[in-house]
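Asker: Okay, here's the prediction I keep looking at, along with the sequence it came from:
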Amino acid sequence: MPQIIAGIYEIKDKIGAGGGGVVYLGEHIRLNKPVVLKADKRKLSVGIEKLRREVDLLKGLSHTYIPQVYDFVPENETVYTVMDYIEGESLDKLIGRGELPSQPEVIKWACQLLEALVYLHSQPPYGILHGDIKPANIMLRPNGDVCLIDFNIALALGEEGAVKVGFSRGYASPEHYGADYIRSHRAAAAGTANMFCENHQQKEEKAADDERTAIDEETAVDERTAVDEETAVDEETAVDRMDGKIQSDVKLTTNVQKGILLDVRSDIYSLGATLYHLLSGVRPERDARDVKPLNNQICSEAVSLILQKAMNPQPDERYQTAEEMLQAFLHLHENDMRSVRHRRRKITVTAALTVMFLAGVGLTFIGLKQLEQRQEALALSEYSANALLEGDISASVNYALQAIPDGKNLLHGPVTAEAQMALSQALGVYDLSENFKPLDTLTLSGAPFAIAISPQGTRMAVVYAYETAVFDMRTLEKTASFPTQQSALSDCVFLDETHIAYAGTEGVTCCNVETGEAVWKGDIATALTISADRSVIAAVNRADSRVVLYRSTDGEKIAERSFEGRHFTVPVNDLFADAQRDIFALNADGSMLAVSFSDGGFFIFDCENPDEDLIIYEESDYSRFAGGFCGKYFAFTVDKNGTSQFGLIDVDEGAYIGGFDTAEKLLIQADEKGIYLAAGKLVERVDADTAAEIEMAYSENANIAAFSVRGIAGKDYVLAATDDNCFSFYDSRARLMSTGTCSKECAFAILGEGYAVLGNRSDPKLRLMQLENGRGDTVFSYDAEYVHDEARISSSKTEAMLFSYQGFRIYGKDGTLIAETELPDKDNIYDQQFYSDETGSWLEVIWYDGMRRRYSAENGAVISEFLGEAPAKDLYEEFYTKEYKIISELHAAPQVYSVESGKRIGELETEDYLTYVSQLDNYIITEYIDASGKRYGLLLDEKLQKLAKLPGLCDISGNMLVFDYGEGNLRQCHIYSLEELAALGKAYSKIK
Amino acid sequence: MTGLCSSEIIFFTGMMLMAAACVLAVISIIIFRLTGKRLRERLEQEYGEPRR
């Protein structure tokens, strides 16, 4: 007859029996679900309610790896616990058959069991301890997972019915035995601990006791039960439990004689021991201290270490929680040394490549910024060069300074050669010549109508856009400004350095330019002229037919003359245009006034005696009258039918002396200094007394469009503007001093005392230049009239040799002529080379027939002479420096080779003919002759990049550059470093 | 005169370093992937599949 329990469960079969009771396989009658009924043989001694509470607690447990407890049924003085039926077999059976699982399987099971333990240990309020983990209490399900069964949460049944839970030898933690090597580490905050350590003597006694309480080692477990029959307790070693749980940190009141405190670490030990057995096939030693670690033939070292820690005799040294041990298993892969090494290698390589990449990014960024800065520097250098061409020195210096970075910034590349070149050119440090050099540009608020320079050249007045502005030529500051007649015909004249007369809005006005006060005012007028002695001013208003003469000092009207209906050529709209086709000039003392009119009439009025007026032309078809008084003469030019005519009148005699016609356009400057004519490319001075013509200037390339002649410090200078937008300066020997270019043709080309002004009627910019004396040190002087091609200084530095194919001269330091020689057979001279070494200096002349003659540079004597091989006609030359060999052929760029390696490094300037190469420190200096025969040098750096142009360079003496401009002096200066140039540039900028 | 200036040298060196780093990174990734796979297989053989 089947046994029915509580009318619900039918007992089918007995499946096991052990110390805790009998285990039956049953079935839920209604649900037909197989269950396990665990019958507890002991009498109930505890209250039913307490039991129910405990079972309720068990029923609340739900975990994959723990069997579910469904019910608790008391019947017939037996308590039945109804729980899940777990299919499978216990692990001890596996071990018993000798089928040891693999390490991966063991690890998997360990994780599952630890998850179960984590669950149990975390149950409120204080956790649930299993207490008897061993292979027999672990079921292996068919799906390969495990299930932890038979966890000892037996009810606290009291003394009489106390569940004597034993412990399995080898699996039980040392605490189960109360072993003396368990030390108490309970924190005071956790309460008083009733755990105590026994001394050694007591230990011996205890060991004996323990022997008596050894657990039955027989582990007969029914194959279908989860009951551990090994847990039969031999003797009374009950452990009181409170509420069915053992708390890990609870104050446990224990038996005074056997102060055993179990906590979660006991379970950990037991699990460790179980795993030990599963892996090795050998049950661990009872005494934890005797347990030998598993070697690497049984399991991995990492696993062995986990088990060692779990089975540490000291609970405090084990894993403190199941979670901790679980994490150790879960992180086996990661914590394996091979993984660690692999990870480290990855990190190291990643870090190294990251650093490499970032270094690359950094270098690329720096390089890019430097290249950008270099590009900017190149552009600024070009701007600087352009500004220099336009005569804007301030802008040129500023651009060049911007191209040279200030400090040591990693993002700034090295200073470009172009920047250094721009700065040296802008500052003009290597132009030592006496010449008109760019001063600056002045930008007006409108295009100029008229420009005048004061007699001593300290001030300049410009009439433009309704005002007359006065500038100080030294500082270029506008010092005064006066409102002017709104007409392009408005004029201004300087009385002296401090007084100016201009066509004021209220009439002719004379003002003090320093104070701005008006000295006197006259009638409304536009055109003004002043006598050479500055005593009389004549004024005419536009197309009026009368002129008024004023005494310049006080403005008193001296005379007033009518033109009887005649007038100047005035455009319909004179706001912006001035015909500039008429003569309006006073003679030296203001007694005579020359005027031409729109009808071609040309008169010279006698201001004191009208009856003595000279009528040159009553009326004519001449146009474009120009001219002026020169002493007793009046010189003029007129145009007619495409020809220009020059005429000269003796005013005193009232006679026309003579003149000439020419097809070329004539320009004239006639004043008390002289009469100057420009025709085509030539400027001449005409001697009125002798009619002699003396050449003042000759423009090679273009016709002269405007010119000015001025005597400065006893020397005559000519400024000629040509119709190719260029301008040139000539000295008193008609020698070309310098040439410049303008953006447009210069309508204004005016020389003052030490200054030159260039401008255009449609451009508000005026270009100012200043006559500078030669810079640098004068080392030698010579006769400026001596024509020569080259100049060299002897090695002793006491003589200078000037030579050409015609001959040579030798000068001493004091300027005395030491020797002069004319070379024979000049037309057959192939080459001349000047040599200098420790022994001395000499000029070697080579003739085409092979004759070679050496002339001493000290005294001009012939040192040696011999007939050598006729030189090749290919004009092939070689030059040597310390590091470079330069081969120069005619019509080819000189090639540069390394002396050491023979490798071609680069090439030099191609346009002109290379004559000499020398090296000074880190600089290479090359000398050239251009197409016009002018000599110049180039300063190069080690990379053969141009650092400066050296016009007029003739020699290198020691560390100094020597320049010859044909002026009669050899001048020298040193090579300016970049720092010096920058300092000079900054100083210049500060002044400006 | 021909030849690179120092700024160009710095720039191209930087580019080359970046390129080399990228190439080496690709090679490293391939190598580490292969060795990592081999290591994973070995560890799985020893410890079973990694559990989370």
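Answerer: Happy to help now that I have it.

Asker: where along chain B do the helices fall?
Answerer: Residue ranges of the helices in chain B, as given by DSSP state H, are B:6-47.

Asker: Around chain A, which positions in it sit nearby?
Answerer: Taking CB under 8 Å from any CB of the partner chain as the criterion, the neighbours of chain A within chain B are B:1-3, B:5-22, B:24-25, B:28, B:32, B:35-36, B:39-40, B:42-52. C-beta coordinates here come from the backbone N, C-alpha and C atoms, glycine included.

Asker: Show me which of those are buried.
Answerer: Among the residues of chain B next to chain A, those buried by neighbour count (16 or more other CB atoms under 10 Å in any protein chain shown) are B:5, B:7, B:10-11, B:13-15, B:17-18, B:21, B:25, B:28, B:32, B:39, B:43, B:46-48, B:51.

Asker: Wasn't A:Leu305 part of a helix?
Answerer: Yes: under the criterion used here (DSSP: H, G, I helix; E, B strand; the rest coil), A:Leu305 sits inside a helix.

Asker: Report how many residues lie close to it.
Answerer: Using other CB atoms under 10 Å in any protein chain shown, A:Leu305 is surrounded by 15 other residues.

Asker: any idea how far A:Tyr755 is from the nearest residue to A:Glu785 once chain neighbours are set aside?
Answerer: Taking CB to CB, 6 or more residues apart in numbering or on different chains, and ignoring the residues beside it in sequence, A:Glu785 has A:Arg733 as its nearest neighbour in space, at 7.7 Å. Going from A:Arg733 to A:Tyr755 by CB to CB, to the nearest Å gives 21 Å.

Asker: swap in A:Pro483?
Answerer: A:Pro483 sits 26 Å away from A:Tyr755, going by CB to CB.

Asker: Please identify which of those two sits among more neighbours.
Answerer: Ranked by neighbour count (other CB under 10 Å), A:Pro483 and A:Tyr755 place A:Tyr755 first, with 21 against 13.

Asker: sec struct for the residue nearest to A:Val282 when sequence neighbours are not counted, please.
Answerer: Once its chain neighbours are removed from consideration, A:Val282 has its nearest residue in A:Tyr276; the separation is 7.9 Å (CB to CB, 6+ apart). Reducing the assignment to helix, strand or coil with three-state DSSP, the entry for A:Tyr276 is helix.

Asker: One more: A:Leu94?
Answerer: Secondary structure of A:Leu94, reduced to three states by three-state DSSP: helix.

Asker: How about stretch A:909-924 and chain B, touching?
Answerer: No: when contact is scored as CB under 8 Å from any CB, no part of stretch A:909-924 falls within range of chain B; the minimum is 10.8 Å.

Asker: still on that earlier bit, any idea how far the residue nearest to A:Val282 is from chain B?
Answerer: Counting by CB to the nearest CB, to the nearest Å, the gap between A:Tyr276 and chain B amounts to 17 Å.

Asker: and that residue, how many neighbours?
Answerer: Taking other CB under 10 Å as the criterion, the count of residues near A:Tyr276 is 28.

Asker: Equivalent analysis for the one 10 residues further on, please.
Answerer: Neighbourhood size, A:Arg286 [other CB under 10 Å]: 21.

Asker: Neighbouring strands of the host helix or strand of A:Thr915 in the sheet, and parallel or not?
Answerer: In this assignment (DSSP states H and E), A:Thr915 forms part of strand A:913-920. For strand A:913-920, sheet partners with direction are given as strand A:923-929 (antiparallel), following DSSP bridges.

Asker: which element follows the strand it pairs with toward the C-terminus?
Answerer: Beyond strand A:923-929 on the C-terminal side, the first helix or strand identified by DSSP H and E is strand A:935-940.

Asker: wouldn't the residue nearest to A:Glu785 be in contact with A:Ala784 here?
Answerer: Yes: proximity of A:Arg733 to A:Ala784 meets the contact threshold set by CB atoms under 8 Å, at 7.4 Å.

Asker: now the strand holding A:Thr915 against strand A:935-940, angle please.
Answerer: Strand A:913-920 runs at 50 degrees relative to strand A:935-940, counting by axes from the mean of the first three to the mean of the last three CA atoms, to 10 degrees.

Asker: model confidence over strand A:913-920, on average?
Answerer: Within the predicted structure, the mean pLDDT of strand A:913-920 is 86.

Asker: Over to stretch A:825-840?
Answerer: If you average the pLDDT values across stretch A:825-840, you get 89.

Asker: For it, buried residues please.
Answerer: Residues A:829-830, A:832, A:834, A:836 are the ones in stretch A:825-840 that count as buried (16+ other CB under 10 Å).

Asker: how about low-confidence regions in the chain?
Answerer: You didn't say which chain, so I picked chain A. Filtered on pLDDT under 70, chain A yields the residue ranges A:1, A:18-20, A:41-55, A:151-167, A:179-261, A:407, A:572-580, A:873-875.

Asker: meant chain B actually
Answerer: Of all residues in chain B, those with pLDDT under 70 make up the ranges B:1-2.
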